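Student: here's a sequence, model it:
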Amino acid sequence: MICSLNGASRIERPLRGLEAQTARDSLEVVVVDDGSQDGTGDIARERGYRVIRHERNKGLSAARNTGARTATAPIVAFLDDDCEPVPTWAEELLGGYEEDVMGVGGPVIPVTGSGFLSRYVERNNRHQPLDLELTVSQALPYRLWLYLRRQWSAPRAPARRDVYSFTGGNMSFRRDVLLAAGGFDERFRFGSEEEDLSRRLRRAQHTRLVFVPEAWLSHRFEPTLRSLLRRSVAYGRGNALQYRKWPSVRPTIFPWPALVAVLLIGAVWLPPLGLVAAMAPLLLYPRGVVNTARHGTLEALADPYLQLVQETCENIGFVSGWWRFRRLSAEPASASRQRERAT
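Tutor: Reported below is the predicted structural model:
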């Protein structure tokens with residue numbers, strides 16, 4: 001299933017990828033045109049695909065729900081309009097289903113341009129599944145420990161494993177289980193909708209989501225600073241919606257932007273703190289130094305500073321979302337306790 005908004009310049013790539021699938025004869029392809037104004041749906045129809053159109057843009061979660069309700073296959077897989085699956089993608093996803101597996105997903109590999117931002121995105125791929133360690137505790141000290149460990153550890157090698165949540169551009173679910181859980185919460189227009197769904201699946205005792213590294217696809221785009229920071233703000237708002245919706249969820253605020261801000265403010269009275277603030281990101285986000293040594297390029301030393309800006313934007317998005325969703329009704333406490341027992 002492909003959900004697209006104004007994707008006329010992009011959608012032929014995933015359609016060609018689906019046509020090349022080794023399991024092509026077993027696929028039912030549905031394209032959801034989420035209120036496009038550029039003829040996206042017409043391109044898919046000309047290639048013989050079924051298109052469901054929203055007259056106005058409703059958001060990614062709503063588009064996925066429309067596609068899931070329209071499909072008839074027992075497994076529904078979601079593919080973004082700027083992604084291209086390898087020929088064995090569908091076969092590998094389907095092969096990951098065992099009796100107690102409710103969802104299967106795979107890697108999203110960024111394929112970008114040639115500038116610094118492109119190389120930054122490839123060095124710091126954010127489209128990774130969330131691991132089961134997130135289900136251990138919602139306590140802030142534990143979450144802080146996970147955050148700190150992630151800064152100092154190397155990226156996890158791809159391996160088939162159970163995970164907590166998928167990245168939205170490459171995931172699949174049993175259709176009946178997905179619909180029984182209510183589909184995607186359409187209040188999540190972009191960001192955190194996958195994690196919210198995972199919470200509801202676990203609450204319903206559907207705990208097995210499997211990551212299959214062989215079911216990979218390429219995510220082709222040309223990043224800009226504006227697009228990266230807009231996404232960061234959107235992720236922060238999605239985290240705020242989760243915080244408002246789920247009583248057990250703790251606020252997602254990144255600590256290092258606050259620390260650097262305190263150092264900069266302190267530099268007004270104690271100027272040497274300005275130098276400390278300037279150098280701090282290299283210590284707080286050491287992967288930039290590691291990547292410099294690994295790839296033999298000094299430009300990776302700039303990665304920590306861009307990561308600091310991204311986390312600052314996520315914090316801004318969280319605060320704005322915290323206020324925007326202040327009247328949101330939380331999940332019933334009893335439902336929250338059921339979910340916690342499931343984890």
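Student: need the pLDDT of P272.
Tutor: Per-residue confidence (pLDDT) for P272: 94.
Student: quick one: the helices in the stretch 1-150 of the chain?
Tutor: Secondary structure of the stretch 1-150 of the chain (DSSP state H, counting those that start in this stretch): helices at 12-19, 40-46, 60-70, 89-95, 116-123, 140-152.
Student: ok, R56 - contacts?
Tutor: By C-beta atoms under 8 Å, 6 or more residues apart in numbering, the residues touching R56 are G35. Any C-beta I mention is one placed from the backbone N, CA and C, and that applies to glycine too.
Student: quick one, domains of the protein?
Tutor: For the chain, automatic domain parsing gives the domain ranges 2-223, 224-325.
Student: just want the most central residue of the chain.
Tutor: The centroid of the chain falls nearest to T167 when counting by C-alpha atoms, centre = their mean (4.1 Å).
Student: what is the burial count for the closest residue in space to it that isn't next to it in sequence?
Tutor: Among residues not flanking T167 along the chain, H127 sits closest, at 4.4 Å (C-beta to C-beta, 6 or more residues apart in numbering). H127: 18 surrounding residues under other C-beta atoms under 10 Å.
Student: if we can go back for a sec, list the residues that contact the residue nearest to the centre of the chain.
Tutor: 105, 108, 127-129, 194 are the contacts of T167 under C-beta under 8 Å, 6+ apart.
Student: so it, which state does it fall into?
Tutor: coil (DSSP: H, G, I helix; E, B strand; the rest coil).
Student: re earlier: wait, the residue nearest to T167 sits on H219?
Tutor: Yes - contact criterion C-beta atoms under 8 Å: H127 and H219 qualify, at 6.5 Å.
Student: give the residues shared as contacts by these two.
Tutor: Counting by C-beta under 8 Å, 6+ apart, the residues touching both H127 and H219 are 108, 110, 169.
Student: show the contacting residues for the last one.
Tutor: If I follow you right, that is G169. G169 makes contact with 78-80, 83, 108, 127, 217, 219 under the criterion C-beta under 8 Å, 6+ apart.
Student: count of neighbours near the residue lying closest to V289 once chain neighbours are set aside?
Tutor: Leaving out its chain neighbours, the residue that sits closest to V289 by C-beta to C-beta, 6+ apart is L282, at 6.2 Å. Here the number of neighbours of L282 (other C-beta under 10 Å) works out to 15.
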